[in-house]
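Participant: Below: sequence and its predicted model.
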Amino acid sequence: MMEKRKLIAVFAVIVIVIAAAAAAVALKSDSDKKTGGLYALDAQIISVDMGGITATPKMVTSIEELYEKAYGDYVRTGFTIDDVKADSEFWNKYCNYDSVITINQDGSRTVTIETQSGEREITIDGVADSMLSMGTIYMTTVYYYLCQKYGEEPYSSGAFNNSGLKEEFQRVVAGGTSLAYVESQTELREYFDTGKYLDAGQNTIGNYDMETLGRDVKSLADAGRNVILVGSGKSVSDSSYDAIRKVVLTQGGLEAVFVTATSIKDAFANIECLGYLLGYGEYSEELIEDLQVRLYTVYYSIQQHTESHKVYWETYAGSSIRATGMSANVMEFMGWDTSLLNNSEIDTETLLKEKPDIIIFYTNDTRSMDAKMRA
């Protein structure tokens, strides 16, 4: 009996010690919690890949990550494309896109492109097998097509170590956007071979030196490649486009294709377009339907949540992003209050007063967390 009492006493002491230790840890955790600056909001901090909030397949991955960080697990999974299409409100708003490419009977492709003045149509003979990509959007989309083709999960070790995938990526994504910019905006830098890639040293179509462009197109054409120039033409005047297109055509290129997306629905149209331009049309439907099912999984779960959220999304320069284009459409999809996204600097006092409960920073923002949080 005495031994039993001793064991009980020892056990009680152990319980007290453990409880005391837990309390000490909790107290330490509370005391370590930062409260200055924007920390006082106790908001959810989310980091997003700048290259992921664009008209690429990675857009859906970014939306999934936003949901998971804000809400946790999905309410329901296991949807099919038929389930997605059956929800007509969702389907018509986010998925039922108008194709911007037509495959003609003679094998040519007619593409609706966009410049500053609006839309126009161009026709391309045959299929391209390489591109000069001014913008990371197009190379990211090609990467997802190749992962689909080779049966690899994007950004996985399997995809990175797949020599066939990597070689084809380097062949198709032949040049354009500076690799320094690619590295800062995407996770694709290690897929490139600097000895083969035709680096334009720029990241926008307007800054692509015409002499460099002509040399790059000619280099690929002389090697027997069917090359296209791809970029966003929303801010390019008709005269500038005509000048760029002339360089591409006279140096042996197939065409200059300027496609622009400002919504989730547009993104699907652009993904399809690039697939058919570069010979990946057979993978287009499967890739896009998978993205649509995943997007619907997020959408369905969001509809089951009743709480509201106000978001503040800051650039690395310290000002809020502008709620336009893809970022605005993604935020609208999430159902969050975007009144603080006005493309201006917002002082700390105002943010503390407005009380956003979600704060977003870009992953390529090199500032310390304390600097971002103004502590």
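Facilitator: Alright, I've got the coordinates.
Participant: neighbours around residue 40, how many?
Facilitator: The number of residues packed near residue 40 is 16, by other C-beta atoms under 10 Å. For glycine as for every other residue, the C-beta is placed from the backbone atoms N, C-alpha and C.
Participant: Make sure it is indeed in a helix.
Facilitator: Yes - under DSSP: H, G, I helix; E, B strand; the rest coil, residue 40 falls within a helix.
Participant: mind listing what the closest residue in space to it that isn't next to it in sequence touches?
Facilitator: Leaving aside its sequence neighbours, residue 40 sits nearest to residue 352 (C-beta to C-beta, 6 or more residues apart in numbering; 6.2 Å). For residue 352, the contact set (C-beta atoms under 8 Å, 6 or more residues apart in numbering) comprises 38, 40-41.
Participant: Residue 352 is in what secondary structure piece?
Facilitator: Using DSSP states H and E, residue 352 falls within helix 348-354.
Participant: Mind listing what's buried along that helix?
Facilitator: Buried residues in helix 348-354, counted by 16 or more other C-beta atoms under 10 Å: residue 351.
Participant: Centre of the chain to it, how far?
Facilitator: 29 Å (C-alpha atoms, centre = their mean, to the nearest Å).
Participant: Put the alpha carbons of that helix into PDB.
Facilitator: What follows is helix 348-354, C-alpha atoms only, in PDB (Å, rounded to 0.1, in the frame of the first residue of the first chain):
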ATOM      1  CA  THR A 348      -0.200  52.200 -40.800                       C
ATOM      2  CA  GLU A 349      -2.700  54.200 -38.900                       C
ATOM      3  CA  THR A 350      -5.300  53.700 -41.700                       C
ATOM      4  CA  LEU A 351      -4.700  50.000 -41.900                       C
ATOM      5  CA  LEU A 352      -5.100  49.600 -38.100                       C
ATOM      6  CA  LYS A 353      -8.300  51.500 -38.400                       C
ATOM      7  CA  GLU A 354      -9.600  49.500 -41.400                       C
END
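Participant: Need the residues that contact whichever helix or strand comes after that helix.
Facilitator: Sequence-wise, the next helix or strand downstream of helix 348-354 (DSSP H and E) is strand 358-362. With contact meaning C-beta under 8 Å, 6+ apart, strand 358-362 is reached by 38, 41, 43-50, 70, 309-316, 336, 372.
Participant: same check, this time on stretch 243-254
Facilitator: Looking at what lies outside stretch 243-254 - C-beta under 8 Å, 6+ apart - the contacts are 124-126, 128, 205, 208, 210, 213-215, 217-218, 220-222, 226-229, 236, 255-256.
Participant: okay, residue 35: pLDDT?
Facilitator: Listed pLDDT for residue 35 reads 78.
Participant: how many other residues sit next to it?
Facilitator: By other C-beta under 10 Å, neighbour count at residue 35 equals 9.
Participant: any chance you could map the helices in the stretch 101-250 of the chain?
Facilitator: 136-150, 157-160, 163-172, 179-185, 210-222, 238-250 (DSSP state H, counting those that start in this stretch).
Participant: Select, out of these, the one closest to residue 296.
Facilitator: helix 136-150 (18.3 Å; C-beta to C-beta).
Participant: what residue is smack in the middle of this structure?
Facilitator: The centroid of the chain falls nearest to residue 52 when counting by C-alpha atoms, centre = their mean (1.4 Å).
Participant: Torsion angles phi and psi at it?
Facilitator: Here is the backbone geometry of residue 52 (degrees, to the nearest 10): phi -90, psi -20.
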